[in-house]
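1. Just to be clear, the model below is a prediction. Sequence and coordinates:
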Amino acid sequence: MARSALTTTAATFTATAALLLTACGGGGDDSPSDDIKGAGAGSPSASASTSGAPDANRPDVRLPEDLKLVFDFEKPSDVDAAAALDDAANYIRALNHGITEQNAKDPAYRFYSAAGAARYAESQIKEYVDGGWTLTGEDRYYQAETSPVGGAEKARTILVTFCEDQSKAYGKEVKTGKVHRTEESLASYQKFSILMASQQDSPVWRAQQITVEGKAAECRG
């Protein structure tokens, strides 16, 4: 029940960024692709809220108290990079909100993503729902880096990368509440690359494309 990896080349990210620059900002898309299965993700407890500017009508992405996401990120000094990193974390929160709500059409991930990233989120949530799974435990994200892609004023794009340690996050059966614990292994570590795009006349940065590298040795230890 580990997440399967999605791989995309840097050239694909660059080409996607070029399209976003011509499109001036990135719209929504509803259906996801690729796979995340059974063990790993959470957000702060039910009392936690999203990060980011409060004036964007941001959706609720709070998670159950038995599921915790830890974002061990250092805030970049660049304002745009910091905002892109914040909303990359919100995209992960929103994806997990959809899993715990058992809703593959959850509005939270649609708010924070479009195109391939939205299709990815929907497919992952659907995997859990169809399999009768939800999540519990603690999921940690760390070693975040940001790098700008392209320079158009109305559609800035930033590539956000970070590691995940899902060794303490477990799949839980929805009907019975039974938790399926797994041992820590190389499969517990993944590397995420998310292409974030700024939105015209909005403080929100939206995930456009995502790749997930499984068994990421550089994230272990």
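-> Now that the structure is in, tell me what you want to look at.
2. For the spatially most central residue of the chain, pull up the helix or strand it's in.
-> Nearest to the geometric centre of the chain sits residue 92, at 2.8 Å (CA atoms, centre = their mean). Taking DSSP states H and E as the definition, residue 92 sits inside helix 79-101.
3. averaged over its residues, what pLDDT does that helix have?
-> Helix 79-101 comes out with an average pLDDT of 97.
4. Only alpha carbons, please: show the next helix or strand after that helix as PDB.
-> Using DSSP H and E, the helix or strand that follows helix 79-101 in sequence is helix 107-112. Output of helix 107-112 as PDB, limited to C-alpha atoms (Å, rounded to 0.1, in the frame of the first residue of the first chain):
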ATOM      1  CA  PRO A 107     -13.300  21.200  -3.800                       C
ATOM      2  CA  ALA A 108     -10.100  21.700  -1.700                       C
ATOM      3  CA  TYR A 109      -7.700  20.100  -4.100                       C
ATOM      4  CA  ARG A 110      -9.500  21.700  -7.100                       C
ATOM      5  CA  PHE A 111      -8.800  25.100  -5.500                       C
ATOM      6  CA  TYR A 112      -5.100  24.400  -5.200                       C
END
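5. Please identify the buried residues of helix 107-112?
-> For helix 107-112, burial by neighbour count (16 or more other CB atoms under 10 Å) applies to 108-112. Yep, even glycine has a C-beta here, placed from its N, CA and C like the rest.
6. And the helix or strand just after that helix, how far out from the chain middle?
-> For helix 107-112, the following helix or strand on the C-terminal side (DSSP H and E) is helix 115-131. Centroid separation for helix 115-131 versus its chain: 11 Å, with CA atoms, centre = their mean, to the nearest Å.
7. quick one: which of the buried residues of helix 107-112 is nearest residue 128?
-> Proximity of these to residue 128 (CB to CB) peaks at residue 109, which lies at 12.7 Å.
8. element containing the residue nearest to residue 133 when sequence neighbours are not counted?
-> Nearest residue to residue 133 in three dimensions, chain neighbours excluded: residue 171, at 4.9 Å (CB to CB, 6 or more residues apart in numbering). In the assignment (DSSP H and E), residue 171 maps to strand 157-173.
9. same question, residue 143
-> Element membership for residue 143 (DSSP H and E) is strand 133-149.
10. what residue ranges in this protein score low on pLDDT?
-> 1-55, 151-155 (pLDDT under 70).
11. Brilliant, that's me finished.
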